[in-house]
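# here is a sequence with its predicted model. Questions after.
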Amino acid sequence: MKQLFYFILLLAGFSSIHSCKDMVDEDGNPLIDLNGNGGLIGARALYREVTDADTIAEYHYSGLLLSKVITDSASVTDVMYSGDKVSKINFNGFLDSDHDGTLDTDSISYSQLFTYGNNGRLTSISENRWIYRRGPVVPPATLGPQVLFKKTKSLYTLGYNATTNKLESIVMINGPEAPATPFVYTDYSKTAYTYLGDNVSKVVREYGPMNNGVITTTVTKKYSYDYFNYDNRISPYSLLPTAYKISVLLSTEENDMRSLILSPNNPKRFTITDLMVPIPTPVIYSTNFNYDPQTYMTRGFGVYYFYKPL
């Protein structure tokens with residue numbers, strides 16, 4: 001599994017000494033000090049995720065609402081709303097789709113539209129995705145132009161537990177779009193969520209082909225992601241909109257390892273297991289957390305979290 005290699009790189013590559021460079025927000029206000037005794041009092045927002053090597057995510061707000069996220073290689077996610085609900089997300093940039101620790105050279109753009117039911121719950125996400133690949137170099141340019149390589153369409157249907165109202169499943173169907181060719185969904189995935197209290201404890205996702213637009217019983221890949229030893233402190237991701245967090249999980253085909261972002265607390269250990277091999281063997285990852293005086297997590301799994309006042 002290439003995605004396992006990414007986490008080996010991630011966890012092995014971070015040292016224990018953090019460089020506190022550039023720790024101000026876009027207005028020049030100082031961010032919460034990891035070594036401070038008082039912490040940040042009052043309403044706050046997650047502002048940056050930082051490793052010893054770089055800033056991996058920076059969150060921008062319009063009033064109280066998340067409006068833009070800047071990630072690796074200046075990739076940009078724009079978040080739009082209808083009232084206080086996320087209605088559309090546009091992404092332009094680069095992703096690590098195979099989770100080998102290196103951003104793809106292909107650039108990606110996608111647009112997601114969010115649909116809600118009468119009870120206000122997110123019920124479906126429709127997505128159009130464009131993948132661009134560099135063509136041959138035309139002198140005097142040193143890089144070839146980005147040319148549309150592939151276009152896909154996806155539909156995600158969300159299901160909820162009737163008793164707890166918690167997210168219980170996401171069913172994805174997708175397929176390639178080609179000019180002058182009738183569109184047909186060709187592939188599916190099914191994701192199931194299990195909880196311990198309010199925290200996600202297990203995620204299982206399986207993948208397979210569709211036949212003439214119908215989901216088959218064939219499973220070609222299946223992974224389990226398990227989360228253990230949750231603390232009783234506050235996850236940085238609890239400050240982000242749920243719809244945005246689900247969008248993050250759907251940004252690449254196998255990003256379910258990040259399902260911990262759906263939990264209000266922080267797991268000290270998680271495992272990834274390939275369920276298709278004869279003897280499934282979980283790969284284990286663990287961490288210790290740091291917190292500020294208001295019990296928000298400030299460091300874990302090699303990432304430092306910085307907040308700003310609202």
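Yep, it's here. Note that the structure is predicted; figures quoted are calculated from it, not measured.
# so where do the helices sit in this structure?
2-13, 242-249 (DSSP state H).
# can I get the shortest one as CSV, trimmed to CA atoms?
Spelled out, that is helix 242-249. This file holds the C-alpha atoms of helix 242-249, laid out as CSV (Å, rounded to 0.1, in the frame of the first residue of the first chain):
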residue,chain,number,x,y,z
THR,A,242,-18.1,19.1,8.8
ALA,A,243,-18.9,19.5,5.0
TYR,A,244,-15.3,20.8,4.4
LYS,A,245,-13.9,17.8,6.4
ILE,A,246,-15.9,15.3,4.3
SER,A,247,-14.6,17.1,1.2
VAL,A,248,-11.0,16.6,2.4
LEU,A,249,-11.7,12.8,2.9
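# report all helices and strands that that helix contacts.
Identification of packing neighbours for helix 242-249 by 3 or more CB pairs under 8 Å, 6 or more residues apart in numbering; DSSP states H and E yields strand 75-82, strand 85-93, strand 122-134. (C-beta placed from N, C-alpha, C; glycine too.)
# looking at the helices of the chain, which has the lowest confidence?
With a mean of 42, helix 2-13 has the lowest mean pLDDT of the helices of the chain.
# residue contacts, residue 58?
Residue 58 sits next to 47, 48, 49, 69, 70, 71 when contact means CB atoms under 8 Å, 6 or more residues apart in numbering.
# ah, wrong one, I meant residue 234
Counting by CB under 8 Å, 6+ apart, residue 234 has contacts 264, 265, 294, 295, 296, 297.
# quick check, central residue of this structure?
residue 248 (2.8 Å; CA atoms, centre = their mean).
# tell me the contacts of that residue?
Residue 248 is in contact with 255, 258, 261, counting by CB under 8 Å, 6+ apart.
# let's see that with 10 Å instead.
Contact analysis of residue 248 by CB atoms under 10 Å, 6 or more residues apart in numbering lists 57, 69, 71, 77, 89, 91, 237, 240, 255, 258-259, 261-262.
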